[in-house]
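**Student:** Sequence first, then the predicted structure, then my questions.
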Number of protein chains: 2
Amino acid sequence: MNKAIGVIDSGVGGLTVAHELMRQLPKERLIYLGDTQRCPYGPRSKDEVKKFTWEMVEFLLEKDIKMLIVACNTATAFTLHELKEHLSIPVIGVIKPGARAAINGTKSSHIGVIGTEGTIRSDAYAKALKDINADLDVQSLACPSFVPMVEQGRLSGEQTEEVVGDSLLPLKQKRNLDTLILGCTHYPLIKDTIQLVMGDDVAIISSSEETAREASTILEFHGILYKGEETPLHQFYSTGQLEVFAKIAEGIFKEFINHFHSVTIEKATLR
Amino acid sequence: MNKAIGVIDSGVGGLTVAHELMRQLPKERLIYLGDTQRCPYGPRSKDEVKKFTWEMVEFLLEKDIKMLIVACNTATAFTLHELKEHLSIPVIGVIKPGARAAINGTKSSHIGVIGTEGTIRSDAYAKALKDINADLDVQSLACPSFVPMVEQGRLSGEQTEEVVGDSLLPLKQKRNLDTLILGCTHYPLIKDTIQLVMGDDVAIISSSEETAREASTILEFHGILYKGEETPLHQFYSTGQLEVFAKIAEGIFKEFINHFHSVTIEKATLR
């Protein structure tokens, strides 16, 4: 079976999930779709996020994928349940994997979560964490300025540090917090700056890394890991301008570009 | 649904998995069976390990479990495939979770694996790792003296350090090794000594921690996480003498004993 894993995101954030999939599952083929044209999803209504997400899913289903990864926290919060119910292939979101990794890692039981307004408003992380362990203390914080900053490619430098420092101030003041979940797949791109601001005593959980790991678990559990020898040809689609998308993708995938010679980036038009 | 998770092991090693399950899934109820009477499984033949494992599985199936965790690497290597095929509940072994965590963690792509003779002879870890990434370098080493040492409760001290140091010498000489998988659930009980011997540059992967994490993933994926409010009453069974078993269990669970007031330990007789 050489069917691809489908990955959808509101823009470039999900590329961090794609990167981790390539690293942890180097034989698997990916088809990625980023809705950069309509990014960010964070401030949009639930209905709008649902409509856009279903449009992306239909685009990928036509390409006969074997698994769907919703690599966008906002879309996961609002649509995962529905998608799991309606699709016959395994569907994985980014929220539960991050929550589980935080539960595994925390010693103090005080966990912070940062994400878009939509994700934080949905309270999906706090629910996921407390569903498993009601004794956890969860502090959530929306960081609406991060996604636009990342989509523009501003990933480091003094100005980025200032924005991150100001945004995270409320969490820095919480004592005993030992774990911070990056509840948005854009945030791993500014992980170093976030770590710098929070200090070394706080472990940063990248939902991207954890989601790729759980994708591996579920593929194996269902017996649909690719066992052949073909080198995967990954396909990337963006609904918006390809230039910025390609530049950010190149930055993320640089270690793989030479290894694979095999990434195509195309424009996608959704119905 | 308040059905229990069943956990089987050749002896006390699987208690490290049970401990992690309690920590990461505090609402779930466990039924544990350790075949201490016939431990160790490591040096036994494949047929014998299969026979003993099926006897344990039948004991737990009668208690109507919702998931089976084979918390013994030797039993996983020889029986997991067969158990998955024949049982209608999800079955999880300890080998793939450890392999996936190592793939996630390694930077150098040089991974060491230690386990019993049976596990190392089966080559199950090297296969699991290379199935996912053929480029990994895997060094496997059998440590037959560790399990009897742990079952006798000798977990630290000068003599233990000497045994561990001598056994791991061949791996210590491997350059670039940055990750070591504890391919036996007894080994987390001497993890500190193993870390001391290997040095801080080598990350030690406990298959127990990772298996509990994947159990959480699979329970959620199948929608069978316990959502009620009942405090779980865990049941532990041993086929051998209860004294040593209870003493080691107490050492492992000490942080939970006060919290739960709810662990029973009984003698099991297998057919």
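**Tutor:** Now that the structure is in, tell me what you want to look at.
**Student:** What are the boundaries of the helices in chain A?
**Tutor:** A:15-24, A:46-61, A:73-86, A:95-105, A:117-122, A:124-132, A:146-151, A:158-172, A:191-198, A:207-221, A:242-260 (DSSP state H).
**Student:** among the ones you listed, which gets the worst mean confidence?
**Tutor:** Mean pLDDT is lowest for helix A:242-260 among the helices of chain A, at a mean of 72.
**Student:** residues touching the residue lying closest to A:Gly228 once chain neighbours are set aside, list them.
**Tutor:** Once flanking residues are discounted, A:Gly228 sits nearest to A:Asn2: 6.1 Å by C-beta to C-beta, 6 or more residues apart in numbering or on different chains. C-beta here means a position set from N, CA and C on the backbone, and glycine is covered the same way. Counting by C-beta atoms under 8 Å, 6 or more residues apart in numbering or on different chains, A:Asn2 touches A:Arg29, A:Tyr226, A:Gly228, A:Glu230.
**Student:** same question, A:Gly13
**Tutor:** A:Gly13 sits in contact with A:Ala71, A:Cys72, A:Val147, A:Val150, A:Cys184, A:Thr185, A:His186, A:Tyr187, A:Leu189, where contact means C-beta under 8 Å, 6+ apart.
**Student:** give me the number of residues near the residue lying closest to the first one once chain neighbours are set aside?
**Tutor:** It stands for A:Ala71. Leaving aside its chain neighbours, A:Ala71 sits nearest to A:Gly14 (3.1 Å; criterion: C-beta to C-beta, 6+ apart). Other residues lying near A:Gly14 total 27 when counted by other C-beta atoms under 10 Å in any protein chain shown.
**Student:** quick one: contacts for A:Gly14?
**Tutor:** The contact partners of A:Gly14, taken as C-beta under 8 Å, 6+ apart, are A:Val7, A:Ile8, A:Tyr32, A:Gly34, A:Ile69, A:Ala71, A:Cys72, A:Thr185.
**Student:** now swap in A:Ser167 and tell me
**Tutor:** A:Ile114, A:Leu141, A:Cys143, A:Ser145, A:Phe146.
**Student:** most surrounded residue in the residues you listed?
**Tutor:** A:Phe146 (28 neighbours).
**Student:** any idea how far that residue is from chain B?
**Tutor:** As judged by C-beta to the nearest C-beta, to the nearest Å, A:Phe146 and chain B stand 25 Å apart.
**Student:** which ones are touching A:Gly251?
**Tutor:** Here A:Gly251 is in contact with A:Leu155 (C-beta under 8 Å, 6+ apart).
**Student:** Check A:Ser122 too.
**Tutor:** A:Thr74, A:Ala77, A:Phe78.
**Student:** Show me which residues of chain A are close to chain B?
**Tutor:** A:24-27, A:90, A:96-97, A:100-101, A:103-104, A:131-135, A:209, A:212-214, A:216-218, A:220-221, A:225, A:227 (C-beta under 8 Å from any C-beta of the partner chain).
**Student:** of these, buried ones?
**Tutor:** A:24-27, A:90, A:96-97, A:100-101, A:103-104, A:132-133, A:209, A:212-214, A:216-218, A:220-221, A:225 (16 or more other C-beta atoms under 10 Å in any protein chain shown).
**Student:** tell me the domain boundaries of chain A?
**Tutor:** Under the assignment automatic domain parsing, the domains of chain A span A:5-93+A:209-267, A:95-207.
**Student:** Now, of the contacts of A:Gly13, which are buried?
**Tutor:** Applying 16+ other C-beta under 10 Å to the contacts of A:Gly13 flags A:Ala71, A:Cys72, A:Val147, A:Val150, A:Cys184, A:Thr185, A:His186, A:Tyr187, A:Leu189 as buried.
**Student:** can I assume the first one is in contact with A:Gly11?
**Tutor:** Read that as A:Ala71. No. Using C-beta atoms under 8 Å as the test, A:Ala71 is too far from A:Gly11 to be in contact (10.2 Å).
**Student:** Now do the same for the residue nearest to A:Lys63 when sequence neighbours are not counted: its pLDDT.
**Tutor:** Leaving aside its chain neighbours, A:Lys63 sits nearest to A:Ile31 (5.5 Å; criterion: C-beta to C-beta, 6+ apart). As predicted, A:Ile31 sits at a pLDDT of 94.
**Student:** just A:Ser140 next, same as before
**Tutor:** Looking at A:Ser140, its pLDDT is 96.
**Student:** From chain B, how far out is it?
**Tutor:** In terms of C-beta to the nearest C-beta, A:Ser140 sits 20 Å off from chain B.
**Student:** same question, A:Gly14
**Tutor:** Distance from A:Gly14 to chain B, by C-beta to the nearest C-beta: 18 Å.
**Student:** before we move on, what about A:Thr36?
**Tutor:** For A:Thr36, the distance to chain B - C-beta to the nearest C-beta - is 28 Å.
**Student:** Top of the contacts of A:Ser122 by number of neighbours, please.
**Tutor:** Counting neighbours by other C-beta under 10 Å, the top entry in the contacts of A:Ser122 is A:Thr74, with 34 neighbours.
**Student:** okay but it is in contact with A:Thr119, surely?
**Tutor:** Yes. Assessed by C-beta under 8 Å, A:Thr74 is found in contact with A:Thr119 at 5.2 Å.
**Student:** Overlap in contacts, the two.
**Tutor:** A:Gly42, A:Cys184.
**Student:** Can you pull the phi/psi pair for the residue located most distally from the centre of chain A?
**Tutor:** Distance to the chain centre peaks in chain A at A:Glu229, reaching 28.0 Å (criterion: C-alpha atoms, centre = their mean). Torsion angles at A:Glu229 (phi, psi; degrees, to the nearest 10) stand at phi -110, psi 0.
**Student:** Model confidence for it, exactly?
**Tutor:** A:Glu229 carries a pLDDT score of 86 in this model.
**Student:** Please list all residues in contact with it.
**Tutor:** So A:Glu229 contacts nothing (C-beta under 8 Å, 6+ apart).
**Student:** Return the set of buried residues in stretch A:192-202.
**Tutor:** Here stretch A:192-202 shows A:Thr193, A:Ile194, A:Val197, A:Met198, A:Val202 as buried, counting by 16+ other C-beta under 10 Å.
**Student:** Pull the contacting residues for the third one.
**Tutor:** When you say that, I think you mean A:Val197. Here A:Val197 is in contact with A:Glu161, A:Val164, A:Gly165, A:Leu168, A:Lys172 (C-beta under 8 Å, 6+ apart).
**Student:** same thing but 10 Å
**Tutor:** A:Glu161, A:Glu162, A:Val164, A:Gly165, A:Asp166, A:Ser167, A:Leu168, A:Leu169, A:Leu171, A:Lys172, A:Leu180, A:Ile190 (C-beta atoms under 10 Å, 6 or more residues apart in numbering or on different chains).
**Student:** Closest to A:Lys247 out of those?
**Tutor:** Taking C-beta to C-beta as the measure, A:Lys247 lies nearest A:Ile190 of those, at 16.0 Å.
**Student:** Give me the nearest residue to the closest one, chain neighbours excluded.
**Tutor:** Counting by C-beta to C-beta, 6+ apart, A:Ile190 lies nearest to A:Leu155, which is 5.8 Å off, once chain neighbours are set aside.
**Student:** ok, how many other residues are close to that neighbour?
**Tutor:** Neighbours around A:Leu155, by other C-beta under 10 Å: 16.
**Student:** List phi and psi for it.
**Tutor:** phi -100, psi -20.
**Student:** A:Ile248 is in contact with that one, correct?
**Tutor:** Yes. Contact criterion C-beta atoms under 10 Å: A:Leu155 and A:Ile248 qualify, at 8.5 Å.
**Student:** Find residues that contact each of these two.
**Tutor:** A:His186, A:Leu189.
**Student:** still on that earlier bit, what do A:Ala71 and A:Gly11 both touch?
**Tutor:** Joint contacts of A:Ala71 and A:Gly11 (C-beta under 10 Å, 6+ apart) are A:Gly34, A:Thr185.
**Student:** quick one: buried residues of stretch A:232-240?
**Tutor:** So, applying 16+ other C-beta under 10 Å, buried residues of stretch A:232-240: A:Pro232, A:His234, A:Gln235, A:Phe236, A:Tyr237, A:Ser238, A:Thr239, A:Gly240.
**Student:** Sounds good, over and out.
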